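Enquirer: Predicted model, plus sequence, below.
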There are 4 protein chains.
Amino acid sequence: MTEYSIKLVRLGDMQVIADLCVVPIGVGTSVSREVAACERVFAEAGLKTKLHAYGTNIEGEWDEVFAAIKRCHEVVHAMGAPRITSSLRFGTRIDREQHMEDKIRSVEEKLR
Amino acid sequence: MTEYSIKLVRLGDMQVIADLCVVPIGVGTSVSREVAACERVFAEAGLKTKLHAYGTNIEGEWDEVFAAIKRCHEVVHAMGAPRITSSLRFGTRIDREQHMEDKIRSVEEKLR
Amino acid sequence: MTEYSIKLVRLGDMQVIADLCVVPIGVGTSVSREVAACERVFAEAGLKTKLHAYGTNIEGEWDEVFAAIKRCHEVVHAMGAPRITSSLRFGTRIDREQHMEDKIRSVEEKLR
Amino acid sequence: MTEYSIKLVRLGDMQVIADLCVVPIGVGTSVSREVAACERVFAEAGLKTKLHAYGTNIEGEWDEVFAAIKRCHEVVHAMGAPRITSSLRFGTRIDREQHMEDKIRSVEEKLR
């Protein structure tokens, strides 16, 4: 990896836009209590989020976003879930700044 | 599989809630034109959808939802993308009816 | 969408490489019985698959792959799961033919 | 969240099994060079991994796995990708220890 070390991007200083879907296993068919607990974790972390019908958009510094995701698993286990499986999309870009609302606006402009 | 054949659930008659993120590869860094084309495909199919910052929620009959997803890949290839990789979450339940807005409301009630 | 209709790619005739992770909800913490049932569904459908620790690679014609995925949800519900959430990656390409083993070989060649 | 603080699980000490699919955007249709670079990142981190046709299984301590995933995005940007979108599944459990090969063996036993 030495060939990349000089221009190595440091993502600790970079924004990530993520989309998380947490699925507690072994707690019955309703999972909204656990999803709500994760929403509180993200709010306490000061992250910008948007809940949708199959997950939550999260935007912020890489380290803060992933620390919150870890805390989210910790909290859901502490609520009683013996097992958790999550699915996550996450994107970074170094060509330009982009926020969650920019991504939506960019699509909507093309739909007019 | 004969042991399950008698009580086999027929999902053609069942609702699915899905979340699709389509990524055209080999067309540059902007993908909003292709995402907008998929939105049009879903609208033409009469499906209930909600665009978010990392995908689109889609609700409808199983066969209609997956036919639209296929059409979406066809259209994005036709727009010039040589390669597409998509990520999809999809959920079905037979215990009770549930719509996209029910999932969100259920979480929001627990956040009050 | 009329602008794309002439050169519209028909994916019914195209190969898709997919990766499916099925999560039955409300059946306890072990999900291997349900995953095994899905493996049988894919085998009966004559699809090429490869089980890994977090899902199953599936390769085949688009319609056959997605018919098997639907049958998989039907079978897992019939086994008693009231709710299922799945995560799927799926890729198509029109620039050249590519099989599952080609994707792995292509990476491994670059690791030598 | 105070109600969960006493029995809060600390995942820094816990194993996670993950499955990562990294997609560089804006570098053409071939992505195997970037996937190979990620494999090297995981190997250098001493993580147990298994490449498959649509991603890589990764097992290890939470903090080490996610540090490697971050390094992977950094390296792929450094290789020239202006934009990256990744999809990740990750699972934790506190009821018992489970490794990647246990998950596969558990399914295969039910297929005999």
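Expert: Arrived safely, thanks for sending.

Enquirer: In the one helix or strand residue A:103 maps to, which residues are buried?
Expert: Using DSSP states H and E, residue A:103 sits within helix A:100-111. Using 16 or more other CB atoms under 10 Å in any protein chain shown as the burial criterion, the residues of helix A:100-111 that qualify are A:100, A:103, A:104, A:106, A:107. (Each C-beta comes from the backbone N, C-alpha and C, glycine too.)

Enquirer: and it, does that touch chain C?
Expert: No - shown here: helix A:100-111 not in contact with chain C (CB under 8 Å from any CB of the partner chain), separated by at least 12.5 Å.

Enquirer: Just the residues contacting that helix, thanks.
Expert: Helix A:100-111 has contacts (CB atoms under 8 Å, 6 or more residues apart in numbering or on different chains) with A:17, A:48, A:50, A:57, A:59, B:30, B:32-33, B:35-36, B:39-40, B:51-54.

Enquirer: Show me how to select, in ChimeraX, the buried members of those.
Expert: Remark: buried members of these, expressed as a ChimeraX selection using 16+ other CB under 10 Å:
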select /A:17,48,50,57,59 /B:32,33,35,36,39,51,52,53,54
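
Enquirer: Most widely separated two among the contacts of helix A:100-111?
Expert: A:48 and B:40 (28.5 Å; CB to CB).

Enquirer: Residue numbers of chain A in contact with chain B?
Expert: A:17-19, A:21, A:29-30, A:32-33, A:35-36, A:39-40, A:50-55, A:57, A:59, A:87, A:89, A:91, A:93, A:95, A:100-101, A:103-104, A:106-111.

Enquirer: give me that answer again for 6 Å
Expert: Applying CB under 6 Å from any CB of the partner chain, we find that chain A lies next to chain B at A:19, A:21, A:32-33, A:35-36, A:39, A:52-54, A:57, A:89, A:100, A:103-104, A:106-107, A:110-111.

Enquirer: measure stretch A:44-58 end to end?
Expert: Using CA to CA, to the nearest Å, the span of stretch A:44-58 from its first residue to its last is 13 Å.

Enquirer: again with stretch A:36-53
Expert: OK, stretch A:36-53 end separation, CA to CA: 13 Å.

Enquirer: do stretch A:52-64 as well
Expert: One end of stretch A:52-64 sits 21 Å from the other (CA to CA).

Enquirer: Same check on stretch A:22-33?
Expert: Termini of stretch A:22-33 sit 11 Å apart (CA to CA).

Enquirer: now that stretch, how far from the chain's geometric center?
Expert: With CA atoms, centre = their mean, to the nearest Å as the basis, stretch A:22-33 stands 18 Å off its chain's centre.

Enquirer: With stretch A:62-70 instead?
Expert: 8 Å.

Enquirer: just the angle between the lengthiest helix in chain A and helix D:62-78, please?
Expert: The helix that spans the most residues within chain A, counting by DSSP state H, is helix A:62-78. Angle, helix A:62-78 to helix D:62-78, by axes from the mean of the first three to the mean of the last three CA atoms, to 10 degrees: 150 degrees.

Enquirer: Just name whatever secondary elements helix A:62-78 is in contact with.
Expert: With contacts defined as 3 or more CB pairs under 6 Å, 6 or more residues apart in numbering or on different chains; DSSP states H and E, helix A:62-78 has these neighbours: strand A:15-25, helix A:32-44.
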